[in-house]
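Asks: Here is the input, now give the coordinates:
(one chain, ligands or ions: 1)
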Amino acid sequence: MRHIAIVGSGPAGYYTAEACQKQFGADVRIDILDRMPVPFGLIRSGVAPDHQSIKAVARRYEAIALTDNVRFVGKLSIGGDVSISELISLYDAVVLATGAPSDRRLGIPGDDLPGVLGSAAFVGWYNGHPDHADLDPAVDGQDVVIVGNGNVALDCARILAKSPAEFEGSDIVRHALERLSGSRPRSIMILGRRGPHQIAMTPKELGELGHLSNAYPVVDPADLPPEASDLALEPGQRKSVNLLREFATMPARDGLPVRFDFFAQPVRVEGDGHARRLIVERTMLGADGMAVGSGETYELPAGLIISCIGYRTPPIPDVPYDERAGRFANVEGRIMPGLYCVGWARRGPTGTIGTNKPDGFMIAEEIARDQPEAAEKQGRAGLDELIAEREIDIVTFRDWQQIDLAEIERARAGAPREKFVRIEEMVSATKK
Ligand code: NAP
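Replies: Model (predicted):
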């Protein structure tokens, strides 16, 4: 029997489990371990609450979780409750699928002032992640600056700009719905350090910004490059740029403007103990296509700054780490003999949920190549011994099903669930 431990129960973790089942057939036992009592990682706490159709993929992960040779062990911290070397000694292969749940910092003076948030914290707050449940961002009357031109910037802008009625059918958590319903930003500015041709926003997500009931996108036509130059773009990118062109022709209307400012990079946050202004430098494209500062700066009012500039994988003691890239040091997913990584923990925070599928299959094949025969490892029996010795109160998949039911039962009208946002609440739902 081959024993595999997968650390992290998000998309990368479940696709790896599925791939290992296909690769090794009946001769494998897979444990999926997560520090949270609830599974599915990014699907639960990263995907926007008003994008329920994307979350439906969790049903596929549930089907994998319910197969005989896979089990979920929640509320177990690897690197805390159990060390990585203990795990390596128990399992033929350990695969780190821990994602990238920490924010990359802006790295400019003043980025530690209150009022400056990273998207992991802000998204975690409206999605009810226990690490960020107490964030309580001040939104009302604020000039909000969102830094970054990716889909996360769009998620943050849309969630801030939606009216309460537009959250119907979503699973935005109560504390966020209440805060956002009772407050309204004065303005929202989305800042890109490069131009319209370099945005990382996909057309479906960008298009949504044009259909909000109380807010509307504003693009300055002067910021758009000549239309003929769009021909050089990939089709998806061209669609996104077309949307920007549409936004640029939209007449002004009542409501909250969501402005785009291109070729603008943050230089410094200023304020009196709280963010009040963002100093921004005009940029241009350098020969390598990267943003180059022009030296010309200007000031944007900014009481709330949300940086949506990418994420980092938190290090785990004794696992080689690439500090610059913010992920585990690896060569095609191999970290060291018996230790692998997949998904954002391997390649950084890029790609869609589906991108993790080939990643999982690649790692399953690598494990098979590296270890043609299973070693005589203890696997889950050994882990269970450690858990019992250390009196760790783990959460099983059956427990999660109880949490799931309790969340569905307490949902407000029209919502799919009302998430528990505290670990203790989740655990007590398993005891009912
Ligand atoms: P992203 O797509 O990599 O975008 C990051 C943005 O931040 C880029 O515009 C980048 O500009 C900018 N940036 C980076 N460092 C900066 C700095 N120091 N100052 C100013 N700007 C900076 O990342 P993301 O938006 O976090 O999304 C992560 C992944 O999740 C992406 O693959 C995304 O498509 C995916 N996602 C998908 C959905 C969806 O499908 N609905 C929703 C959310 C996220 P440069 O281009 O100049 O580097």
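Asks: Tell me which residue in the stretch 51-200 of the chain sits closest to the ligand.
Replies: residue 150 (2.3 Å; Cβ to the nearest ligand atom). (Glycine included, C-beta is placed from N, CA and C.)
Asks: quick one: contacts of stretch 327-347?
Replies: 8, 10-13, 15-16, 84, 88, 91-100, 311-313, 315-316, 319-322, 348, 350, 356, 359-360, 362-363, 366-367, 370-371 (Cβ atoms under 8 Å, 6 or more residues apart in numbering).
Asks: Now do it: distance from first to last residue.
Replies: 7 Å (Cα to Cα, to the nearest Å).
Asks: Quick one: distance of the longest strand anywhere in the chain to the chain centre.
Replies: Secondary structure assigned by DSSP state E gives strand 291-301 as the longest strand of the chain. Relative to its chain's centre, strand 291-301 lies at 29 Å (Cα atoms, centre = their mean, to the nearest Å).
Asks: Residues in contact with the helix or strand just after that strand: which ones?
Replies: Using DSSP states H and E, the helix or strand that follows strand 291-301 in sequence is strand 304-307. With Cβ under 8 Å, 6+ apart as the test, strand 304-307 has contacts from 103-106, 111, 115-119, 122, 137-139, 142-148, 153, 156, 185, 266, 269, 275, 278.
Asks: Tell me, how many residues neighbour the residue nearest to residue 295 when sequence neighbours are not counted?
Replies: Spatial nearest neighbour of residue 295, excluding adjacent residues (Cβ to Cβ, 6 or more residues apart in numbering): residue 281 at 7.2 Å. Residues near residue 281, counting by other Cβ atoms under 10 Å, number 19.
Asks: Could you report the separation of residue 281 from the ligand?
Replies: Look at residue 281 and the ligand: by Cβ to the nearest ligand atom, to the nearest Å, they are 10 Å apart.
Asks: and that residue, what element?
Replies: Using DSSP H and E, residue 281 sits within strand 277-285.
Asks: Ok, residue 5 next?
Replies: strand 2-7.
Asks: Restrict that strand to CA atoms and write it as CSV.
Replies: In CSV, the C-alpha atoms belonging to strand 2-7 read as follows (Å, rounded to 0.1, in the frame of the first residue of the first chain):
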residue,chain,number,x,y,z
ARG,A,2,1.2,3.5,-0.9
HIS,A,3,0.5,6.2,1.6
ILE,A,4,0.2,9.8,0.5
ALA,A,5,-0.4,12.9,2.6
ILE,A,6,-1.7,16.0,0.9
VAL,A,7,-1.4,19.2,3.0
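Asks: which residues are contacting that strand?
Replies: 13, 16-17, 20, 24, 27-34, 78, 87, 90-98, 367, 371, 374, 377-380, 383.
Asks: Mark which of these are buried, thanks.
Replies: 13, 16-17, 20, 24, 28-34, 78, 87, 90-98, 367, 374, 377, 379-380, 383 (16 or more other Cβ atoms under 10 Å).
Asks: Please list the members of these that lie in helices.
Replies: Within the buried ones among the contacts of strand 2-7, residues falling in helices by DSSP state H are 13, 16-17, 20, 24, 87, 90, 367, 380, 383.
Asks: Show me which residues of the stretch 151-300 of the chain sit near the ligand.
Replies: Proximity of the stretch 151-300 of the chain to the ligand (Cβ under 6 Å from any ligand atom) is limited to residues 151-153, 155, 192-194, 198, 200, 202, 205, 265-266, 291.
Asks: Now with 8 Å, please.
Replies: 151-155, 191-194, 198-202, 204-205, 265-266, 290-291 (Cβ under 8 Å from any ligand atom).
Asks: Of these, grab the buried ones for ChimeraX.
Replies: What follows is the ChimeraX syntax selecting those of these that are buried according to 16+ other Cβ under 10 Å:
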select :151,152,153,154,155,191,192,193,194,198,199,200,201,202,205,265,266,291
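Asks: residue contacts, the closest residue to residue 135 other than its chain neighbours?
Replies: Counting by Cβ to Cβ, 6+ apart, residue 125 is the residue found nearest to residue 135 once chain neighbours are left out, at 4.0 Å. Residue 125 makes contacts with 132-133, 135-137, 175-176, as judged by Cβ under 8 Å, 6+ apart.
Asks: for stretch 101-118, how far is the first residue from the last?
Replies: 11 Å.
Asks: meant to ask about stretch 161-173, not that
Replies: By Cα to Cα, the extent of stretch 161-173 from end to end equals 16 Å.
Asks: near the ligand, which of the contacts of stretch 327-347 show up?
Replies: Among the contacts of stretch 327-347, the residues within reach of the ligand (Cβ under 8 Å from any ligand atom) are 311, 350.
Asks: Who is residue 279 paired with across the strands?
Replies: Assessed by DSSP bridges, residue 279 has beta-bridge partners residue 268, residue 299.
Asks: so residue 99 touches residue 8, yeah?
Replies: Yes: counting by Cβ atoms under 8 Å, residue 99 does reach residue 8; the two are 6.0 Å apart.
Asks: Which one's more surrounded, those two?
Replies: Between residue 99 and residue 8, residue 8 has the larger neighbour count (other Cβ under 10 Å), namely 30 against 26.
Asks: Let me know the pLDDT of the more buried one.
Replies: Looking at residue 8, its pLDDT stands at 98.
Asks: just residue 37 next, same as before
Replies: 98.
Asks: Show the contacting residues for it.
Replies: 74-75, 395, 399-400, 403, 423, 426-427, 430.
Asks: Same question for residue 23.
Replies: Contacts of residue 23 by Cβ under 8 Å, 6+ apart are 361, 364-365, 367-368.
Asks: what's the answer for residue 429, then?
Replies: Residue 429 neighbours (Cβ under 8 Å, 6+ apart): 402-403, 406-407, 420.
Asks: so which residue of the stretch 301-432 of the chain comes closest to the ligand?
Replies: residue 309 (3.6 Å).
Asks: how does this protein divide into domains?
Replies: 2-101+313-395, 102-307 (automatic domain parsing).
Asks: Spatially nearest residue to the spatially most central residue of the chain (excluding sequence neighbours)?
Replies: Nearest to the centroid of the C-alpha atoms of the chain, with distances taken as Cα atoms, centre = their mean, sits residue 46, at 4.1 Å. Excluding its sequence neighbours, the residue lying closest to residue 46 (Cβ to Cβ, 6+ apart) is residue 123, at 6.2 Å.
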